[in-house]
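K.L.:
Quick one, fold the following:
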Amino acid sequence: MTRTRSGASAATGQRAVRGVAVLFAVSTWAKFQGMFVQLALAYLLSQEDFGKVGLCYTISTFANRIVNPGTSTVLMQRTHRLRLWATPVFWLSLTSGLCGAALMLLAAPIAADIYDVPEVVSLVAVLALAAPIGSLQQVPGAMLNADLRFGFLARTTLLVGLLSGLLTVTFAALGFGPYCFVLPLPIANAVQTALYWFAARPQIRLRLHVRKWRFFLDRSIWVFIYLLCVTAIGQGDYIVLGTLFDAAVVGTYFFGFNLAMQSAAFVGHNVQSVLYPTLVSLGQEASRQRRAVLEASHLLGLVLGHLCTLQAVLAAPMLRLLFGERWVGAVPIVQLLSLGVGFEWIAVPAVQLLLARGRFRTVAAMYGGATLVFFALVYPGAYFGREVGAAFSVTCYYVVVWLPLYGSIMRRAGASLRQALWPYFSTVLGNGLAALCGLTVSHFVARSDLERALVLVLVLPPTYLLIMRLIAPRACEAAWQRLRQLRRPLPPGKGDQAAA
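P.N.:
Residues are numbered from 1 along each chain as shown. You can find the predicted model right below:
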């Protein structure tokens, strides 16, 4: 029995590594595509256009929490009986999607009056159309994740991302202004939903099974509160800036924020999408779950930490080189948020551990406290420092909240204090020394923004790798061993059975 369980766990771990690798490969292209789209839109649109879209998302993102109040997360806890729950969850999801769309339509005129931006109404109306379409993805998406079919999910993400990016730039070039952000969403959602249903083929009956909704609503209420707090944190800076200043200020912040989050989207979201179903599949193997979380945090520190640092030091020369003085106001925003966001993402695996163990109430309470701290920092920062002050306050939030939370969670999970804090300490030390070296060399060698960017790209990564090999050899070796696992043949599992 022990040997069988150990073999199954090893196979699960290898599938997780292969899943991360596939998603990383897809995300490498997605990152370059996202950068291209952002740069193209920066040429085609104004600060006001970016600001209108940012304000529009403050409405739609909250309403989308009604679309998915946490039912997919709870559904993943029912892995072994997932298909039996498909019908009630489908109808619950569709109902939630329709309610979310209705809420968007009702809230849009109120938000337009508060922000004094009439276009918010029509922009939100397009997003309301996408909501019920997206809600149809929840059941097949949960099935694909439960079967660990990360390859198919990655290919679907690539296809939908290509379609969305192409449509966004095309609509912008045709003069649609801020509507170029929202018009592709219903189309992309419809394509992704169709592909998910074709792959998962869930058996849905016409009977609603309303009585069974209560199980998911009772369990998902805490997930809903957690997701609501995540949304409040994710949109709170836009809301504060939108109530205090005009759309141009919000647009500059929106542009800088999206650039700063490129690396987080590139690495963090893919690790998160693989880690949660992997932790769920490990069940009650607490020690293996803890090791998986620590390893994921080290990986995020090694990779995401350096990408964010590189992003911060390249912000000034690259934005001036590409846009002159047009987007120079976004430079400190990109720098501050790039340096801070890594603190949150290193801690995300610990949150996934709590969710995988079904501790939804704990996560909801944790994020509730984090939301209070967020607004307590961001409002005065935005009031006195406008968009740059808001970015500084968000960076402070990343550090003062997530560093102690990660340490506390991992200590309770059985990790030592050194194990809990080492991902942060090694990341800050390694990147700090590498950045100091790169900036010093560029100061004496480079004479233009192009030369400065080239020197930083050539000096920082090898210097960082050398430093990390010296101060964190175990973490580097673990990452290398995981890469070597990609050469091994993947053992058959549920994903292959489902595909068959």
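
K.L.:
Show the low-confidence segments of the stretch 251-400 of the chain, by residue range.
P.N.:
266-270, 272-274, 283-284 (pLDDT under 70).

K.L.:
at 80 what do you get?
P.N.:
262-284 (pLDDT under 80).

K.L.:
just the helices in it please.
P.N.:
For the stretch 251-400 of the chain, applying DSSP state H, counting those that start in this stretch gives helices covering 262-263, 269-281, 286-323, 331-356, 360-412.

K.L.:
repeat for the stretch 101-250 of the chain
P.N.:
Using DSSP H, counting those that start in this stretch, helices in the stretch 101-250 of the chain cover 120-135, 138-146, 150-173, 179-182, 184-200, 210-244, 247-260.

K.L.:
residues of the fifth one that come out buried?
P.N.:
Judged by neighbour count (16 or more other CB atoms under 10 Å), helix 184-200 contains these buried residues: 184-186, 188-193, 195-197, 199-200. To be clear about C-beta, it is placed using only N, CA and C from the backbone, and glycine gets the same treatment.

K.L.:
So Ser281 versus Asn145, what's the distance?
P.N.:
From Ser281 across to Asn145, the span is 10 Å (CB to CB, to the nearest Å).

K.L.:
Need the helices of the stretch 251-400 of the chain in a markdown table (columns: mean neighbour count).
P.N.:
Output for those, formatted as a markdown table (neighbours: other CB atoms under 10 Å):
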| stretch | mean neighbour count |
| --- | --- |
| helix 262-263 | 22 |
| helix 269-281 | 22 |
| helix 286-323 | 21 |
| helix 331-356 | 24 |
| helix 360-412 | 19 |
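
K.L.:
any idea how far Thr87 lies from Arg207?
P.N.:
In terms of CB to CB, Thr87 sits 7 Å off from Arg207.

K.L.:
Compare the two and say which is more crowded by neighbours.
P.N.:
Thr87 (19 against 9; other CB atoms under 10 Å).

K.L.:
Double-check that one against Trp213; I have them as touching.
P.N.:
No - if you go by CB atoms under 8 Å, Thr87 and Trp213 don't touch, sitting 10.9 Å apart.

K.L.:
Give me the pLDDT value at Ala500.
P.N.:
Ala500 is assigned a predicted lDDT (pLDDT) of 34.

K.L.:
Report the contact partners of the nearest residue to Leu195 once chain neighbours are set aside.
P.N.:
Closest residue to Leu195 apart from its sequence neighbours, by CB to CB, 6 or more residues apart in numbering: Thr156 at 5.0 Å. For Thr156, the contacting residues are Gln192, Leu195, Tyr196, Ala199, by CB atoms under 8 Å, 6 or more residues apart in numbering.

K.L.:
ok, Phe257 to Val250 distance?
P.N.:
Phe257 is 10 Å from Val250, by CB to CB.

K.L.:
Pick out whichever of those two has more residues nearby.
P.N.:
When Phe257 and Val250 are compared for neighbours, Val250 comes out ahead with 31 against 23, by other CB under 10 Å.

K.L.:
what's the spacing between that one and Leu98?
P.N.:
For Val250, the distance to Leu98 - CB to CB - is 30 Å.

K.L.:
got it, and Asp147?
P.N.:
From Asp147 to Leu98 the distance is 28 Å (CB to CB).

K.L.:
Looking at these two, which one has more neighbours?
P.N.:
Asp147 (22 against 16).

K.L.:
so which of the helices of the stretch 101-250 of the chain comes closest to Ala382?
P.N.:
helix 210-244 (4.8 Å; CB to CB).

K.L.:
so how far is Asp49 from the nearest residue to Ser46 once chain neighbours are set aside?
P.N.:
Sequence neighbours aside, Gly251 is the residue nearest to Ser46 in space, at 7.3 Å (criterion: CB to CB, 6+ apart). The gap separating Gly251 from Asp49 is 7 Å, by CB to CB.

K.L.:
So for these two, which residue has more residues nearby?
P.N.:
Gly251 (27 against 24).

K.L.:
In terms of residue numbering, what are the domains of the chain?
P.N.:
The record's domain split for the chain, according to automatic domain parsing, is 13-203, 226-491.

K.L.:
Now distance to Ser263 and pLDDT too, for the buried residues of helix 184-200, in CSV please.
P.N.:
Compiled in CSV, those are given as follows (distance: CB to CB, whole Å; pLDDT from 0 to 100):
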residue, distance to Ser263, pLDDT
Pro184, 23, 93
Leu185, 23, 91
Pro186, 28, 92
Ala188, 23, 92
Asn189, 25, 90
Ala190, 30, 93
Val191, 27, 93
Gln192, 24, 92
Thr193, 28, 91
Leu195, 27, 92
Tyr196, 27, 90
Trp197, 32, 89
Ala199, 29, 87
Ala200, 31, 82
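
K.L.:
Just give me the closest of those to Phe374.
P.N.:
Using CB to CB, the buried residues of helix 184-200 come closest to Phe374 at Leu185, 26.5 Å.

K.L.:
contacting residues for the closest one?
P.N.:
Contacts of Leu185 (CB under 8 Å, 6+ apart): Val126, Leu127, Ala130, Ser164.

K.L.:
how about a cut-off of 7 Å?
P.N.:
Leu185 makes contact with Leu127, Ala130, according to CB atoms under 7 Å, 6 or more residues apart in numbering.

K.L.:
how near is it to Phe171?
P.N.:
Distance from Leu185 to Phe171, by CB to CB: 11 Å.

K.L.:
Residue ranges in the stretch 51-200 of the chain under the pLDDT threshold?
P.N.:
64-87, 142, 145-151, 154.

K.L.:
Repeat the analysis, applying 90 as the threshold.
P.N.:
52-55, 57-97, 99-100, 111-112, 114-117, 129-132, 134-162, 165, 197, 199-200 (pLDDT under 90).

K.L.:
Leu337 versus Met410, what's the distance?
P.N.:
Distance from Met410 to Leu337, by CB to CB: 25 Å.

K.L.:
Check Gly161 too.
P.N.:
22 Å.

K.L.:
Please apply the same query to Met318.
P.N.:
Taken as CB to CB, the span from Met318 to Leu337 is 15 Å.

K.L.:
and what of Trp402?
P.N.:
Taking CB to CB, one finds Trp402 at 14 Å from Leu337.

K.L.:
Please apply the same query to Arg291.
P.N.:
On the measure of CB to CB, Arg291 and Leu337 end up 31 Å apart.
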